[in-house]
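J.: Sharing a model that was predicted from the sequence below.
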Amino acid sequence: MSDEISIDRITNEIDEIPIKSDNRTRPIDNYNVTITNRKKAFGILYGIGYNINCIIGADIFKPENIWILVQSPGVVLVLYAVCGIISFLGSSVYIELGIISLPNGVGEQKYITDAFYPKRNVGHVFSFVAVFVIFPGIIVTESYTSAQHLLYCFRGNSSDDLITVAVSITLLFIIMLYQMISNRVSNYINHALALIKIITLLFISVVGLIKLGTNHNNWNNIFNTSFNFGAYGSGLMKVLFTYEGWNNINYLIGELASRSDDLEYPSIILKYSSFLSVSISFLLYFLTNAAFITVVGYNINDNESTPIPIRFGKELFNETGEKLMSILIAISAFGCASAMMFTYSRIINYAIATGFMPIRIFSWLVSYSIKYLLYHIAILWHDLSWHKRIMLIYFKKKIKEHGS
């Protein structure tokens, strides 16, 4: 029988779960370690909430970078449509991979391990990169952006200084605390943040439609630019990055709820959560950019350093609108960091349980039944490492400025 290992954060009961990938069983883990069931918590709405929280971060509120790159807001809308389709297709592939790995198996490590069996270390290579490079980079960026826009409300600028670093670290510490306290608390907070994001972008979209009657001239010549294949390629990559997070639900397979009357229910959760979250995000992205074109307009020679969403708020409610939009951007980035941290801890937990941590250390932890320990170690580890990364980023910027 093939065994995959997971850590029970609710009870200490031990169960063995057979994993079969085809007509024969394959030993994915050769360790004599038993498997522990964890409490299932996620339904379709929870999956949608976590996916949307990961997808919609601060990037949707920074379209000016892509506008200036391709020199055409009309082309930007086309890129968002194309990238929405690409993300939808990618999500479809990951749904199939996720269904195959049910009832457990977290993301790419499981898929790569199965594809290159019996070379288990290939999957661990991905886990190493995800744990030390991919997720820390995204979460540090989102938390720092959240701190910048939170301080913008009080200072009127987004300068880089030690205060911003301190606020960013504080935000990560807050996320760490409520995720360590309770899964339920973490779920409520994450989904409240996702709801705020959806309402915010819907408000922006509706305002754009209302203003279309008076500001329709802003749509004149939105495609009036010379063809630049290189700029379009770079813009495509930037827009694809704004959709990053559509595969987040695949990392949370161990949390999917099961029903005794419907054994296929976990796969249904996976399908609908992925499809609906990507579809909702695409519509919000497209309509939000259209609203920015309508209200703010676009001038290729405009050297305005103020972000477009801040200018959007100023057009509507003057200085109050600027502060309101800044707070909403901070909330959006905070929500993305929170959802990413939730996912990140599951990746670390799964990687440790499948041999990423030396098996003797893991067996010792299990034998002493240290409840919640691995889960909390995962959160504490990456929280402390992110604090260090934020400080390094800050001091590197200062050294570069001093040198120039």
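T.: Here it is on my side, so go on.
J.: Every contact and neighbour count from this point should use C-alpha atoms.
T.: Will do.
J.: Grab the most central residue of the chain for me.
T.: In the chain, the centroid-proximal residue (C-alpha atoms, centre = their mean) is Cys54; its distance is 2.6 Å.
J.: That residue: helix or strand, and which one exactly?
T.: Per DSSP states H and E, Cys54 falls inside helix 44-55.
J.: again, but for Ala333
T.: Assigned by DSSP H and E, Ala333 belongs to helix 308-351.
J.: Give me the nearest residue to Val207, chain neighbours excluded.
T.: Distances taken as C-alpha to C-alpha, 6 or more residues apart in numbering place Ala291 nearest to Val207, at 6.9 Å, with adjacent residues excluded.
J.: quick one, phi psi at the one you found?
T.: For Ala291, the backbone dihedrals (degrees, to the nearest 10) come out as phi -70, psi -40.
J.: these two touch, right, it and Leu202?
T.: No - the pair Ala291 / Leu202 is not scored as a contact, 10.1 Å apart, by C-alpha atoms under 8 Å.
J.: higher neighbour count, these two?
T.: Per other C-alpha atoms under 10 Å, whichever of Ala291 and Leu202 has more neighbours is Ala291, with 24 against 17.
J.: so what's that one up against?
T.: Contacts here follow C-alpha atoms under 8 Å, 6 or more residues apart in numbering; on that basis Ala291 touches Ile204, Ser205, Val206, Val207, Gly208, Leu209.
J.: so where's the stretch 251-400 of the chain shaky on pLDDT?
T.: 256-265, 299-305, 356-400 (pLDDT under 70).
J.: do that again at 50, thanks
T.: Residue ranges of the stretch 251-400 of the chain with pLDDT under 50: 261, 263, 368-373, 387-388, 391, 394-395, 398-399.
J.: Gly57 belongs to a helix?
T.: No - according to DSSP: H, G, I helix; E, B strand; the rest coil, Gly57 belongs to no helix; its state is coil.
J.: Quick check on it: phi, psi?
T.: Backbone torsions of Gly57, given as degrees, to the nearest 10, read phi -110, psi -130.
J.: ok, now which ones touch Tyr94?
T.: Residues in contact with Tyr94 (C-alpha under 8 Å, 6+ apart) are Asn247, Asn250.
J.: Pull the distance from whichever strand or helix holds it to the chain's centre.
T.: Element membership of Tyr94, judged by DSSP H and E, is helix 73-101. With C-alpha atoms, centre = their mean, to the nearest Å as the basis, helix 73-101 stands 15 Å off its chain's centre.
J.: And the next helix or strand past it?
T.: helix 107-115.
J.: elements contacting that following helix?
T.: On a contact count with 3 or more C-alpha pairs under 8 Å, 6 or more residues apart in numbering; DSSP states H and E, helix 107-115 meets helix 73-101, helix 121-129.
J.: sorry, back to before: out of the contacts of Ala291, what pair is the most spread apart?
T.: For the contacts of Ala291, the farthest-apart pair by C-alpha to C-alpha is Ile204 and Leu209; their separation is 8.9 Å.
J.: more crowded one of those two?
T.: Using other C-alpha under 10 Å as the criterion, Ile204 and Leu209 rank with Ile204 on top: 22 against 16.
J.: Can you tell me how far the more buried one is from Glu244?
T.: Ile204 sits 22 Å away from Glu244, going by C-alpha to C-alpha, to the nearest Å.
J.: Setting aside sequence neighbours, what's the nearest residue to Asn157?
T.: Among residues not flanking Asn157 along the chain, Leu151 sits closest, at 7.7 Å (C-alpha to C-alpha, 6+ apart).
J.: wait, isn't that neighbour in contact with Asp161?
T.: No - the criterion here is C-alpha under 8 Å, and Leu151 misses it with Asp161 at 11.0 Å.
J.: okay, Pro63: pLDDT?
T.: pLDDT for Pro63: 87.
J.: Over to Gly74?
T.: Predicted confidence (pLDDT) for Gly74: 88.
J.: Could you do the one 4 residues further on as well?
T.: The predicted local distance difference test score for Val78 is 93.
J.: Run a quick neighbour tally on it.
T.: Neighbour count for Val78, taken as other C-alpha under 10 Å: 13.
J.: Quick check: it vs Val140, distance?
T.: For Val78, the distance to Val140 equals 30 Å [C-alpha to C-alpha].
J.: What is the helix or strand the residue nearest to Asn157 falls within packed up against?
T.: Leu151 is part of helix 135-155, with elements assigned from DSSP H and E. Packing contacts for helix 135-155, counted by 3+ C-alpha pairs under 8 Å, 6+ apart, involve helix 162-181, helix 308-351, helix 373-403.
J.: related to what we said a few turns ago, need the residues that contact the helix holding Cys54.
T.: Residues contacting helix 44-55 (C-alpha under 8 Å, 6+ apart): 187, 190-191, 193-195, 197, 242-249, 268-270, 272-274, 276-278, 281, 332, 335-337, 339-340.
J.: please redo it, this time with the cut-off set to 6 Å
T.: 191, 194, 243-246, 248, 269, 273, 277, 335-336, 339 (C-alpha atoms under 6 Å, 6 or more residues apart in numbering).
J.: cool, and stretch 110-120?
T.: Here stretch 110-120 makes contact (C-alpha under 6 Å, 6+ apart) with Gly123.
J.: Next, count neighbours for the closest residue to Pro307 other than its chain neighbours.
T.: Distances taken as C-alpha to C-alpha, 6+ apart put Lys62 closest to Pro307, at 6.5 Å, once the chain neighbours are dropped. Neighbour count of Lys62, defined by other C-alpha under 10 Å: 16.
J.: what helix or strand does Thr225 sit in?
T.: Thr225 belongs to no helix or strand when assigned by DSSP H and E.
J.: where's Gly107 relative to Phe154, distance?
T.: Counting by C-alpha to C-alpha, the gap from Gly107 to Phe154 is 41 Å.
J.: ok, these two, which is more surrounded?
T.: It is Gly107, of Gly107 and Phe154, that has more neighbours when counted by other C-alpha under 10 Å, with 25 against 9.
J.: Over to the nearest residue to the more buried one once chain neighbours are set aside. Which of the three states is it?
T.: Computed as C-alpha to C-alpha, 6+ apart, the closest residue to Gly107 that is not its neighbour in sequence is Tyr251, at 4.8 Å. Secondary structure, three-state DSSP: Tyr251 is helix.
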